[in-house]
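Model the structure of this input:
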Amino acid sequence: MSPSAPERRLARLEWTVLRRLDGLLQGDYRTLFRGHGLDLADIREYTFGDDVRHIDWNVTARLDAPYVREFHEDREITAHFLLDLSPSVEFGTADRRKRDLLMDFTGVLARLLTRHGNRVAATMYGARVERAIPPRGGRVQVLRLLSELERRPHLERAPLTSLSDLIDAGLRALKRRSLVFVISDFFSVAGWEDHLAMLSRRHETLAVRLVDPRENELPDVGPLILTDSETGEQLWVNTHDGGFRKRLTEAARRREEGLAAAFARASVDVLTLRTDEDLVRSVVRFAYARKQRARRSVAARASA
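Model (predicted):
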């Protein structure tokens, strides 16, 4: 019997992505996420690479040296993927669509987590919140998740995306503190920002943003008919018009600034995945940037 599409995809990801991540991160997956402890186990002096969020500032002030709290770790992490499969995610002009990125990243992270004994779950949004997969562990759960994604219809149009609905569905499904990945291009009606902030207060949350380069600028290729992937509305444009291309670039810049501000207000780290960039490179860059921020935070507090 020939392998199914989810099995082929997972085998490819294990061979071409997970093996490279193992080598580049050398098993240090704490730079991406960590488990949540329940009980305080000990307090010890800070060592390089410790999570700065666990510094005990009262003890540090008394002893004039940084000390961190150690916790008994939960036996497992429960990770929940909030997946935006709305029509705009079907877009792509490079080697792949944003949806391909979503599926590959979800498969990689789900397998990485289940390989270490953790459980994964998902909530999917197309025209609305459409599917919830309860948390389970093991490779079979990853295949189930990929199978559901493979079967999801490719929407040509739908009502305007409401990420608020997707985030709220995730909040209702999460019964205990979890690791949450919000995977979307963040083209949505307004209001999701406050819901994301609420999610990050209750759970360790990462925003995974799907980006295609043509969303920020258009080449000079003459007249085009552009179609809004959410509503189906069409617009004739002339890309020879330098003024039009400049206005488009400026609108994209304002959107970037707005998104950066929203993520900062929600205290959420952002991993950007681009259709024209290698997935491993994006993940490793994010992990190293997270580690560098932690180091700078420790240095700043030590010098204060």
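
how about the closest residue to residue 208 other than its chain neighbours, what does it touch?
Of all residues not flanking residue 208 in the chain, residue 183 sits nearest, at 4.3 Å (Cβ to Cβ, 6 or more residues apart in numbering). For the C-beta atoms, the positions are set from N, CA and C on the backbone; glycine is no exception. Applying Cβ atoms under 8 Å, 6 or more residues apart in numbering, we find residue 183 in contact with 81, 82, 83, 84, 102, 105, 106, 208, 210.

would the second one count as being in a helix?
No - counting by DSSP: H, G, I helix; E, B strand; the rest coil, residue 82 is located in no helix; its state is strand.

what's the pLDDT at it?
On the pLDDT scale, residue 82 is placed at 98.

if I pick it, what's in contact with it?
Counted by Cβ under 8 Å, 6+ apart, residue 82 has contacts 122, 123, 125, 166, 167, 169, 170, 180, 181, 182, 183, 184.

any idea which element the fourth one lies in?
Going back to what we said before, that points to residue 166. Residue 166 is part of helix 163-173, with elements assigned from DSSP states H and E.

on that earlier part again, of the contacts of residue 82, closest to residue 244?
Using Cβ to Cβ, residue 184 is the member of the contacts of residue 82 that lies nearest residue 244, at 27.3 Å.

Tell me, how many residues neighbour residue 106?
Residues lying near residue 106 (other Cβ atoms under 10 Å) number 22.

5 is where my numbering starts, stick with that
All right, first residue 5 from here; so that's residue 110.

Okay, and it sits in which element?
Short version, using DSSP H and E: residue 110 is in helix 102-119.

pLDDT of that helix, averaged?
Mean predicted lDDT for helix 102-119 stands at 94.

any idea of the pLDDT on the closest residue to residue 148 other than its chain neighbours?
In space, and not counting its chain neighbours, residue 148 is closest to residue 137: 6.8 Å by Cβ to Cβ, 6+ apart. Looking at residue 137, its pLDDT reads 95.

The helix or strand harbouring residue 137 relative to helix 102-119, how many degrees between them?
Following DSSP H and E, one finds residue 137 within strand 133-141. Per axes from the mean of the first three to the mean of the last three Cα atoms, to 10 degrees, the angle that strand 133-141 makes with helix 102-119 is 30 degrees.

and for the next helix or strand after strand 133-141, what are the contacting residues?
With elements assigned by DSSP H and E, the helix or strand that comes after strand 133-141 is helix 143-155. Residues outside helix 143-155 that contact it (Cβ under 8 Å, 6+ apart) are 8-11, 13-14, 85, 87, 89, 106-107, 110-111, 114-115, 118-119, 123-124, 126, 128, 135, 137, 140.

Mind doing that once more with 7 Å?
9-11, 13-14, 107, 110-111, 114-115, 118, 124, 126, 128, 135, 137 (Cβ atoms under 7 Å, 6 or more residues apart in numbering).

Just the buried subset of those, written out for PyMOL, thanks.
What follows is the PyMOL syntax selecting those of the contacts of helix 143-155 that are buried according to 16 or more other Cβ atoms under 10 Å:
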select buried, resi 10+13+14+107+110+111+114+115+118+124+126+128+137
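
which residue packs closest to residue 267, ignoring adjacent ones?
Closest to residue 267 by Cβ to Cβ, 6+ apart is residue 274, at 5.0 Å.

Residue 71 now?
residue 63 (4.4 Å).

check which helix or strand covers that neighbour.
helix 61-67.

For that helix, which residues meet the burial criterion?
In helix 61-67, counting by 16+ other Cβ under 10 Å, buried: 63, 64.

one step back: what's the spacing between the residue nearest to residue 212 and residue 8?
Distance of residue 187 to residue 8, computed by Cβ to Cβ, to the nearest Å: 23 Å.

Three-state assignment for the residue nearest to residue 104 when sequence neighbours are not counted, please.
With sequence-adjacent residues excluded and distances taken as Cβ to Cβ, 6+ apart, residue 104 is closest to residue 96, at 7.1 Å. When classified by three-state DSSP, residue 96 comes out as coil.

hang on, residue 96 packs against residue 279?
Yes - look at residue 96 against residue 279 with Cβ atoms under 7 Å: they come within range, at 4.9 Å.

between those two, what contacts are shared?
By Cβ under 7 Å, 6+ apart, the residues touching both residue 96 and residue 279 are 102, 216.

So for those two, which sits in the more crowded spot?
Using other Cβ under 10 Å as the criterion, residue 96 and residue 279 rank with residue 279 on top: 21 against 18.

ok, the more buried one to residue 109 distance?
For residue 279 relative to residue 109 (Cβ to Cβ), the value is 12 Å.
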